[in-house]
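> no letters, just coordinates:
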């Protein structure tokens, strides 16, 4: 593909040779001639002087300097290089296609309803009263429990599970081993200290355009429902506890854990290994940084860090003070010694 054609398809302003032939995409440090790369974080700008890529997607105003012996790549100027790079990947890479049909080893209840052009792969199990929408793909060893209702263009990778009575919207993706509607941690302690398992009578709901990645769990509610809002993305090994509510277009990164009845607002980002106590609310548009612990409500449009999680600026001050503790300890010991000398 000519570079000018790529620029037109991506909606970019081209600086460079429009006749350059582009054959693929790659990261900035691995790209070779004939490939296009991107720069979304200016921290990596020095790599613009060493990359072998033929073209780079970058923002307006980021300079491409010509040094002795180095000719910079062509520039594809755009307001969002990372999003444009995502579109470029789609141009050069075609995901595997799955033909409609049911594999001979799949087990499907006679009462299940399977939409047109669906692909049901090897050893899948679809229980009674299940509904699966048009163009769904169930890769292999996928289990859909009784009464689940699933929308159109659903894609479940191997070993994904949708439990009984759960509701899944359109364009939902479940990566390998994702479990939707498993029992929540519901146990009542008896007088003798043993645990009585509470029947998990609720359900789990994923709205349209949700993606749940590998080995993540969205637990069903004890009563009522657990709900994940439209467009939300859930990373590997995330746990959404029973009766939690996650708003639209949220991002929950790897190993996030939400205790039961947590409410996460729309557009929130919880970075890796964030944990929340139950029965709290995180306001819309808030970002909580990695490894933070959240014991209380968090306001909207905030940036919180640490444990217990506080405003990021306050946390940075606390960390700066923590690094000074050895120095402060020595100073206190010195003052104590001087004070003892004066008393003598």
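Good, I have the coordinates. From a predicted model like this one, the values you see are computed outputs, not experimental measurements.

> what about the stretch 51-200 of the chain, any weak spots by pLDDT?
68-69 (pLDDT under 70).

> buried stuff in stretch 34-45?
Neighbour counts over stretch 34-45 (16 or more other C-beta atoms under 10 Å) mark 35, 36, 37, 38, 39, 40 as buried. C-betas here are computed from N, CA, C, even on glycine.

> does residue 157 touch residue 139 like I think?
Yes - between residue 157 and residue 139 there is a contact at 5.0 Å, judged by C-beta atoms under 8 Å.

> and the contacts of stretch 244-258?
207, 219, 226-241, 259-276, 284, 290 (C-beta atoms under 8 Å, 6 or more residues apart in numbering).

> can you tell me which of those residues are buried?
Looks like the contacts of stretch 244-258 have 207, 219, 226-241, 259-272, 274-276, 284 buried, using 16+ other C-beta under 10 Å.

> let's see which of the residues you listed end up in strands.
226-228, 233-234, 239-240, 263-264, 269-270, 275-276 (DSSP state E).

> any idea how far residue 201 lies from residue 184?
Distance from residue 201 to residue 184, counting by C-beta to C-beta, to the nearest Å: 11 Å.

> mutual contacts of the two, please.
With C-beta under 8 Å, 6+ apart as the test, residue 201 and residue 184 both reach residue 222.

> higher neighbour count, those two?
residue 184 (25 against 12; other C-beta atoms under 10 Å).

> so what's the more buried one up against?
200, 219, 220, 221, 222, 226, 241, 242, 243, 260.

> run the last query once more with 6 Å
Residues near residue 184 by C-beta atoms under 6 Å, 6 or more residues apart in numbering: 200, 219, 222, 242.

> for the ones in strands among the buried ones among the contacts of stretch 244-258, which one is nearest residue 334?
When those are ranked by distance to residue 334 (C-beta to C-beta), residue 275 comes first, at 40.1 Å.

> now that closest one. Nearest residue, chain neighbours left out?
Excluding the flanking residues, the one nearest residue 275 by C-beta to C-beta, 6 or more residues apart in numbering is residue 257, at 4.7 Å.

> equivalent analysis for residue 4, please.
residue 18 (3.5 Å).
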